[in-house]
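In: The amino acid sequence is not available; the structure is as follows:
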């Protein structure tokens, strides 16, 4: 299957071509800007260093998307999802976590309707 042609990085004046919106260098800057100015402070507080350690440990134990694995597919874990969201009283316990690929994670949030909405 042919690949889509690369396009210019969205950062003003950057000559690099990329598959995504930004080249790797500017993607890093965009991520920092998002964390600092756009991410909800409440969410930021819930996902600190402790969460990173819990997440990394969980991914070591569950290296494949658990939903795809049930269908007989081996898709690498890209997200660790809280079954009961922290905002609804969930916690970081292993019983409340599931490893997912990006597609399954996006589908779960789209079905719940709790992402990509306007305030």
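Out: Yep, it's here. Every value quoted in this text rests on a predicted model; they were computed, and no experiment measured them.

In: okay, CA-based contacts and neighbour counts for the rest of this
Out: Noted.

In: following the longest helix along the chain, which helix or strand shows up next?
Out: Scanning the chain for the helix with the most residues, using DSSP state H, yields helix 49-61. Counting by DSSP states H and E, the next helix or strand C-terminal to helix 49-61 is helix 66-70.

In: now that next one, how far from the chain's geometric center?
Out: 17 Å (C-alpha atoms, centre = their mean, to the nearest Å).

In: Which other helices and strands does that helix contact?
Out: The contact analysis (3 or more C-alpha pairs under 8 Å, 6 or more residues apart in numbering; DSSP states H and E) places helix 66-70 against strand 97-100.

In: What are the contacting residues of the strand it packs on?
Out: Contact partners of strand 97-100, identified using C-alpha atoms under 8 Å, 6 or more residues apart in numbering, comprise 58-59, 62-68, 76-83.

In: Show the average pLDDT along the strand or helix carrying residue 31.
Out: Assessed by DSSP H and E, residue 31 sits inside helix 24-33. This predicted structure assigns helix 24-33 an average pLDDT of 90.

In: gap between that helix and the chain center?
Out: The answer for helix 24-33 is 15 Å, by C-alpha atoms, centre = their mean.

In: now what about that helix, what contacts it?
Out: By C-alpha under 8 Å, 6+ apart, the residues outside helix 24-33 that reach it are 9, 11, 21.

In: What subset of the contacts of strand 97-100 is buried?
Out: 58-59, 62-68, 76-82 (16 or more other C-alpha atoms under 10 Å).
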